[in-house]
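Q: Generate a structure from the sequence data that follows.
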Amino acid sequence: QLQLVESGGDLVQPGGSLRLSCEASGLTTDYYAMGWFRQAPGKEREGVSCIDRSGGRTKYADSVKGRFAISRDNARSTVYLQMSSLKPEDTAVYYCAALFTVCSAVPNPTDIFGSYGQGTQVTVSS
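A: This is a model prediction of the structure:
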């Protein structure tokens with residue numbers, strides 16, 4: 001059974017940067033595209049970014065394009081989300097998930113395979 005553990009969330013000032021990590025265990029993620037999602041208080045969970053199996057294709061929500069970068073290290077079964085130029089509206093709990101799609105578009109919560117991890121809190125505030 002695939003288990004995912006997100007980490008790296010923190011309180012950061014506007015304009016700051018963070019790198020989130022998502023470590024997988026229990027099942028190899030080499031066969032899956034992976035995605036990052038977020039959920040802000042009072043809002044629905046939304047797709048942020050995805051990366052295909054090889055890491056050669058990535059997709060980003062318009063709200064984070066040019067500021068966030070997703071990557072993966074299959075040898076470490078880990079997916080990363082480098083976040084820069086953070087804004088208060090980026091405040092949310094961030095989750096990762098394996099996808100049964102090939103990352104041909106920004107991921108939708110209905111695209112996930114299995115379950116999310118427990119999430120990691122990102123708070124952007126001065």
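Q: distance of the residue minimising distance to the centre of the chain from Lys43?
A: The chain has Trp36 as the residue nearest its centroid, 2.2 Å off, counting by CA atoms, centre = their mean. Taking CB to CB, to the nearest Å as the measure, Trp36 falls 16 Å from Lys43. Where C-beta positions appear, they are placed from N, C-alpha and C, glycine not excepted.
Q: now swap in Ala105 and tell me
A: 20 Å.
Q: pretty sure the residue nearest to the centre of the chain is touching Ala92, no?
A: No: Trp36 is not in contact with Ala92 according to CB atoms under 8 Å; the separation is 10.5 Å.
Q: what's the weakest-modelled helix or strand in the chain?
A: strand 112-113 (a mean of 90; mean pLDDT, DSSP states H and E).
Q: Remind me what that one packs against, helices and strands.
A: Where contact means 3 or more CB pairs under 8 Å, 6 or more residues apart in numbering; DSSP states H and E, strand 112-113 is packed against strand 92-99.
Q: Need the contact partners of the strand it packs on.
A: Contact with strand 92-99 is made by 2, 4, 6, 9, 20, 22, 24, 29, 32-40, 43, 45, 48, 50, 79, 81, 107, 111-117, 119-122, as judged by CB atoms under 8 Å, 6 or more residues apart in numbering.
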